[in-house]
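Undergrad: pasting a predicted model and its sequence here:
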Amino acid sequence: MTEMKTAIGLMSGTSMDGIDVALLRTDGESRVERGPSYYVPFDPQLRDRWKRALAVAKAITERTQRPDDLGASEKILTLCHAAAVKSFLARNDLSPADIDLVGFHGQTVLHRPDEALTVQIGDGPLLAQEIGIDVVYDMRANDMTFGGQGAPLIPVYHAALSANLPRDCKAPVVFVNIGGISNLTFVGTDGTLSAFDSGPGNMLIDQWVEAHGGGAYDKGGRIAASGAVVPALAERYLQSPFFSGNLRRSLDRGDFLPPKAGEASLADGARTLAHVTAAAILKSATHLPEPPKSYVVCGGGRLNDVIMRELTELAARQGATVIAAEVAGFDGGAMEAEAWAYLAVRSLYGLPLTFPGTTGVERPVSGGVLAPAKL
Ligand SMILES: Nc1ncnc2c1ncn2[C@@H]1O[C@H](COP(=O)(O)OP(=O)(O)OP(=O)(O)O)[C@@H](O)[C@H]1O
Ligand SMILES: CC(=O)N[C@H]1[C@@H]2OC[C@@H](O2)[C@@H](O)[C@@H]1O[C@H](C)C(=O)O
């Protein structure tokens, strides 16, 4: 039996909107006690820097390379995470000695699963030194070494949470994470895990509204609510071979691109892309072992009312219900950060992070690199 540990998880996801911080007490197995969470948005200059980092990272052919100013961006990103941990500790009256471990995702700047290449910038040893807490980082690489796609990693945490679902949440249950990219975790009644990325989440909506003067994202889905779906545009996305071809489990930000200027008005574009986000989830769900009865939605997309309404309508046609994570008793905004805390503890104990049914890895494998606070 593993001992309970107190861990902090740090996530800055593909939306590149900010850093989620969450505290968890866990044994890395079935015991999970959720603690406080915190969110630090990136200011616009930093978001521009991460966007440039994505462009620069395209030149990477080997995962340790840091072309151009990518090394400088990695250091800045790491110091942003260090600052987020320090303010989280101060706000919660905690000191580094209260925390056993930090799980650090870093920022994905390149993800090419077909070439077994995934790069998350984030300097684990520097973070450990800055905050005085042991850090587990680089959690995707080992999965790829063993033939996995390096993502999604959250399913093992969804499986742990599934033990505490409310009774009226009928099995089989699927957890849907609508971040920049969306992903699904199916938890079978016998504990079988089946998971994969399911399509674009908010990233196309964010890129579209930002390029057309609508702000960084479509708050509440208000822009989409005043528009109409452009059927030909929606179909173009939904006919992508990603949904029908041999199941590719993980996506990169560049795999789907926003519509071109002039293809729709701001509102119609936002409405169409919200429809695509919801329809892509249902389309991908046809690859699951069984039709789900309940969808539990987490990630920023659960706050877009148009995505949620569409998802609810489309799922109802198949006899399934859709609820936001909060209705199931979870925190839909902090769940990924909690997952990184959970994964860090599993990594410490050498427990598997990924499984053949989640990333396509050849056998269950652990992962992550430990950077001790004191060398
Ligand atoms: N109030 C809101 N209304 C509508 N959309 C929102 C709201 N708040 C956040 N979002 C959307 O959610 C996105 C952030 O979601 P989230 O934090 O889950 O993404 P992420 O951490 O980048 O995820 P991932 O790594 O899974 O891609 C924002 O970019 C925005 O599009
Ligand atoms: C390579 C990478 O960073 N992938 C992210 C991304 O964002 C969502 C989806 O694509 C998922 O596969 C993954 O993140 C989640 C948290 C995961 O690994 O479970």
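TA: Arrived safely. Ligands and ions are numbered 1, 2, ... in the order given.
Undergrad: now for the host helix or strand of residue 120, which elements pack on it?
TA: Per DSSP states H and E, residue 120 falls inside strand 117-121. Here strand 117-121 touches helix 44-57, helix 70-91, strand 107-112, helix 141-145, going by 3 or more Cβ pairs under 8 Å, 6 or more residues apart in numbering; DSSP states H and E. To be clear about C-beta, it is placed using only N, CA and C from the backbone, and glycine gets the same treatment.
Undergrad: could you dump those to JSON lines with mean pLDDT, distance to residue 161 and mean neighbour count?
TA: Formatted as JSON lines, the helices and strands packed on strand 117-121 follow (pLDDT from 0 to 100; distance: least, Cβ to Cβ, whole Å; neighbours: other Cβ atoms under 10 Å):
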{"stretch": "helix 44-57", "mean pLDDT": "97", "distance to residue 161": "29", "mean neighbour count": "15"}
{"stretch": "helix 70-91", "mean pLDDT": "98", "distance to residue 161": "22", "mean neighbour count": "18"}
{"stretch": "strand 107-112", "mean pLDDT": "97", "distance to residue 161": "23", "mean neighbour count": "24"}
{"stretch": "helix 141-145", "mean pLDDT": "98", "distance to residue 161": "21", "mean neighbour count": "20"}
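Undergrad: which one of those lies nearest to ligand 1?
TA: strand 107-112 (7.6 Å; Cβ to the nearest ligand atom).
Undergrad: could you tell me the angle between that closest one and strand 117-121?
TA: For strand 107-112 against strand 117-121, the angle by axes from the mean of the first three to the mean of the last three Cα atoms, to 10 degrees is 170 degrees.
Undergrad: report whether strand 107-112 contacts ligand 1.
TA: No - counting by Cβ under 6 Å from any ligand atom, ligand 1 is not contacted by strand 107-112; separation bottoms out at 7.6 Å.
Undergrad: neighbouring strands for that strand, and are they parallel or not?
TA: Sheet pairing of strand 107-112 (DSSP bridges) gives strand 117-121 (antiparallel).
Undergrad: after the strand it pairs with, next one along is what?
TA: helix 124-131.
Undergrad: okay, and the helix or strand of the chain with the least pLDDT?
TA: Least confident helix or strand of the chain, by mean pLDDT, DSSP states H and E, is helix 241-244 with a mean of 90.
Undergrad: if we can go back for a sec, so which of the helices and strands packed on strand 117-121 is nearest residue 159?
TA: Closest approach to residue 159 among those (Cβ to Cβ): helix 141-145, 16.2 Å.
Undergrad: restrict the closest one to CA atoms and write it as CSV.
TA: Extracted in CSV, the C-alpha atoms of helix 141-145 (Å, rounded to 0.1, in the frame of the first residue of the first chain):
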residue,chain,number,x,y,z
ALA,A,141,8.1,11.3,-23.0
ASN,A,142,8.4,7.8,-21.5
ASP,A,143,5.0,6.8,-22.9
MET,A,144,6.3,7.6,-26.4
THR,A,145,9.4,5.5,-25.8
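Undergrad: helices or strands next to that helix in the packing?
TA: strand 117-121.
Undergrad: what does the strand holding residue 120 rub up against?
TA: Strand 117-121 is touched from outside by 53, 57, 60-61, 63, 66, 70, 73-74, 77, 105-112, 137-138, 140-141, 144, 150-151, with contacts defined as Cβ atoms under 8 Å, 6 or more residues apart in numbering.
Undergrad: report whether that strand contacts ligand 1.
TA: No - Strand 117-121 stays clear of ligand 1 (Cβ under 6 Å from any ligand atom), getting no nearer than 10.8 Å.
Undergrad: quick check: mean pLDDT of that strand?
TA: Per-residue pLDDT values over strand 117-121 give a mean of 98.
Undergrad: got the angle for that strand vs helix 44-57?
TA: Relative orientation of strand 117-121 versus helix 44-57 (the same axes, to 10 degrees): 150 degrees.
Undergrad: between strand 117-121 and helix 70-91, how many degrees?
TA: With the same axes, to 10 degrees defining the directions, strand 117-121 sits at 50 degrees from helix 70-91.
Undergrad: interface residues of the stretch 101-250 of the chain facing ligand 1?
TA: Residues of the stretch 101-250 of the chain lying near ligand 1 (Cβ under 6 Å from any ligand atom): 177, 179-181, 201-202, 205-206, 217-221.
Undergrad: farthest-apart pair in those residues, please.
TA: Farthest pair in those, by Cβ to Cβ: 181 and 220, 20.9 Å.
Undergrad: in terms of neighbours, single out the busier of the two.
TA: residue 181 (29 against 12; other Cβ atoms under 10 Å).
Undergrad: how far does the strand holding residue 120 sit from the chain's center?
TA: 15 Å (Cα atoms, centre = their mean, to the nearest Å).
Undergrad: CA atoms only for it, dumped as PDB, please.
TA: C-alpha atoms of strand 117-121 as PDB (Å, rounded to 0.1, in the frame of the first residue of the first chain):
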ATOM      1  CA  LEU A 117       8.100  13.600 -30.800                       C
ATOM      2  CA  THR A 118       6.600  15.600 -28.000                       C
ATOM      3  CA  VAL A 119       8.000  18.700 -26.400                       C
ATOM      4  CA  GLN A 120       6.800  20.400 -23.300                       C
ATOM      5  CA  ILE A 121       9.000  23.400 -22.300                       C
END
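Undergrad: list the buried ones in it?
TA: By 16 or more other Cβ atoms under 10 Å, the buried positions in strand 117-121 come out as 117-121.
Undergrad: pretty sure residue 11 is touching residue 18, no?
TA: No - counting by Cβ atoms under 8 Å, residue 18 is not a contact partner of residue 11; they are 9.6 Å apart.
Undergrad: more neighbours: which of those two?
TA: Comparing residue 11 with residue 18 by other Cβ under 10 Å, the one with more neighbours is residue 11, at 25 against 18.
Undergrad: contacts only, for residue 77.
TA: 12, 50, 106-107, 121-122.
Undergrad: can we see that at 7 Å?
TA: Residues near residue 77 by Cβ atoms under 7 Å, 6 or more residues apart in numbering: 106-107, 121-122.
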